[in-house]
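J.: missing the sequence, but the structure's below:
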C-alpha cells in the first residue's frame, strides 16, 4: 500500500480522535488543539518546512471540518506553527534533552490561547468578548496541555514514521 | 539575496497560505464550507460514532471512579429532589387536567405530545458551542429546529444539516439568541444569549420587570421559530447594565449543555 495513504489515514485518525474522543473524555477541546498543533510542530521538525506545510494545511482543514468551526482558521494556525518551528532542527528535540520539549509545549500552549482569541473574533464576538475569554485558568490549562501532549505526539509520530518507512522500503524494493 | 528566491522563501509561502486560509475562514462562502463539512461528516460518520462511543466509555469509567467519594451525599440529594419533584408532578398533573378542561371549554385544541427525533452527540466543536448529532436530513432534521435534552430543556438549535448528521448550535454559542420570558412572570421578556461558549446570559430585560435569583427562564416563542414554554435554566445572578436601562442575568442550565450525550430534535408538536 502507498505510504502516502497510511500517512493520510493517520492524520484522519488523529483528527477524528481530536473531535470525537478527546473532547468527550476531557470535557474540553484544549487537548484536541494541543494534539493538532503538536502534530504541525513535530512534522516540521521531522520533514522540514516544505514537506510539513501540506501536512499542516491538510490536518488543519480536516480539523476545521471535524470540529464544525470556520474552515481555515486551524489550518492558518498550523501554517504559522510550521513557520515558527522551521527555525529549529530535528536535533533540537533529539540531542538536547527535555528542555526543548517543554519549550515546544509552551509554544503549542500559547498558540492555543491565541487561537481561542481569534476563534471568538471570527465568530463575531468582538474585541471585548474576545479579550474576556482570557483567564489565568484557561491559559494555564493550555500551557499544561501543550507541555504534556507535545512529547506524546512526538513519540507517537516517530514510532509511526519508523513503521511507515518500512512501507517506503518495501515499495522501493 | 537572490531576487528570484524571494517568492520561494518560507516567509512568503507561510504568509500567502495563512492569508488565504484566514480570508476563507472569515469571508469564505457558507455553501462551500457547508458542502465540505457535509462530505466529511457523511463519509466519516461511522468512525466518529466508534470514536465518540469509546470516549463516552472512558469518560463514564473515569467519572464513576472519581465520583465514588461523593456517592452518599449525591444519593441523599437526589432522594430529596425526587420527593420534591414527585410532589410537583402531582400538582402539575392536576393543573394539566384542569388546563385541558378549560381549553376544551374555550374551544381550543388540547396540547399534544412532542414529536422528537433522538440523536447522539458524536463530535464537539472547538469551544464555539457546536456539537454534531448523528441524525440529519435523511431522518427529517432541518435547519432551525430546536434541540432538547432528555429532561426536555432547550439546549440549542439545528444550525446546518448534512445527509446523516446535523450541526447543533448550543445556547452557549455567542451567535445564539432566543426570545425568553420568566416562568413566574411572562411579562419579564428578554433575550437568551450565549456567553462566549461558556454559559448562558439573559439580557435586555427592562429594569421595571421583576427578575431575581431562582427565577426559571423559558422560551417566549417570539421570533426564532422556537415554540414557547421550553425550559432553559434558572437565574443564578442578576446585574444591571452599564447604561442602567436594562438588567442582565446569568442562567444556570438544568444540565451541562456541552457534555450531553443524547439530544432530541423537536420536529413539531402534535396538536397546538
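T.: Cool, got the structure. Fair warning: this is a prediction, and the values are worked out from it, not measured in the lab.

J.: any low-confidence regions in the chain?
T.: Using chain A. Counting by pLDDT under 70, chain A has low-confidence residues at A:1-3, A:89-96, A:124-133, A:168-173.

J.: switch to chain B, please.
T.: B:1-8, B:108-113, B:126-128, B:196-197, B:223-224, B:269-272.

J.: residue of it closest to chain A, please.
T.: For chain B and chain A, the shortest gap (Cβ to the nearest Cβ) falls at residue B:55, measuring 3.2 Å. Heads up, the C-betas are built off the backbone N, CA and C, glycines and all.

J.: the longest helix seen in chain A close to chain B?
T.: As assigned by DSSP state H, the longest helix anywhere in chain A is helix A:136-172. No - applying Cβ under 8 Å from any Cβ of the partner chain, one finds helix A:136-172 separated from chain B by no less than 9.2 Å.

J.: hmm, back to that, go ahead and confirm the residue of chain B closest to chain A touches residue A:18.
T.: No - if you go by Cβ atoms under 8 Å, residue B:55 and residue A:18 don't touch, sitting 10.9 Å apart.

J.: so which of those two has more stuff around it?
T.: When residue B:55 and residue A:18 are compared for neighbours, residue A:18 comes out ahead with 28 against 22, by other Cβ atoms under 10 Å in any protein chain shown.

J.: show me where chain B has its helices.
T.: B:10-27, B:30-67, B:71-105.

J.: report the buried residues of the longest helix of chain A.
T.: Of the residues in helix A:136-172, A:138, A:141-143, A:145-147, A:149-151, A:153-154, A:156-158, A:161, A:167 count as buried by neighbour count, 16 or more other Cβ atoms under 10 Å in any protein chain shown.

J.: cool, and stretch B:160-168?
T.: Using 16+ other Cβ under 10 Å as the test for burial, stretch B:160-168 gives B:160-162, B:164-168.

J.: redo the residues you listed as a markdown table? Include distance to chain A.
T.: Putting the buried residues of stretch B:160-168 into a markdown table (distance: Cβ to the nearest Cβ, whole Å) gives the following:
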| residue | distance to chain A |
| --- | --- |
| B:160 | 8 |
| B:161 | 12 |
| B:162 | 11 |
| B:164 | 15 |
| B:165 | 10 |
| B:166 | 10 |
| B:167 | 5 |
| B:168 | 9 |
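
J.: which one of the residues you listed is nearest residue B:72?
T.: Closest to residue B:72 out of the buried residues of stretch B:160-168 is residue B:168 (35.6 Å), distances taken as Cβ to Cβ.

J.: so that closest one sits right up against residue B:129, yeah?
T.: No - between residue B:168 and residue B:129 there is no contact under Cβ under 8 Å: 9.1 Å.

J.: what residues are shared contacts of the two?
T.: Shared contacts of residue B:168 and residue B:129 (Cβ atoms under 8 Å, 6 or more residues apart in numbering or on different chains): residue B:156.

J.: closest residue of chain A to chain B?
T.: residue A:24 (3.2 Å).

J.: next up, phi/psi of that residue, please.
T.: Phi and psi for residue A:24, reported as degrees, to the nearest 10, are phi -80, psi -40.

J.: hmm, back to that, how about the helices of chain B, which one is nearest residue A:73?
T.: helix B:10-27 (4.2 Å).

J.: sorry, back to before: so which of the helices of chain B is nearest residue B:218?
T.: Comparing the helices of chain B under Cβ to Cβ, the one sitting nearest is helix B:71-105, at 14.2 Å.

J.: with that, I have no additional questions.
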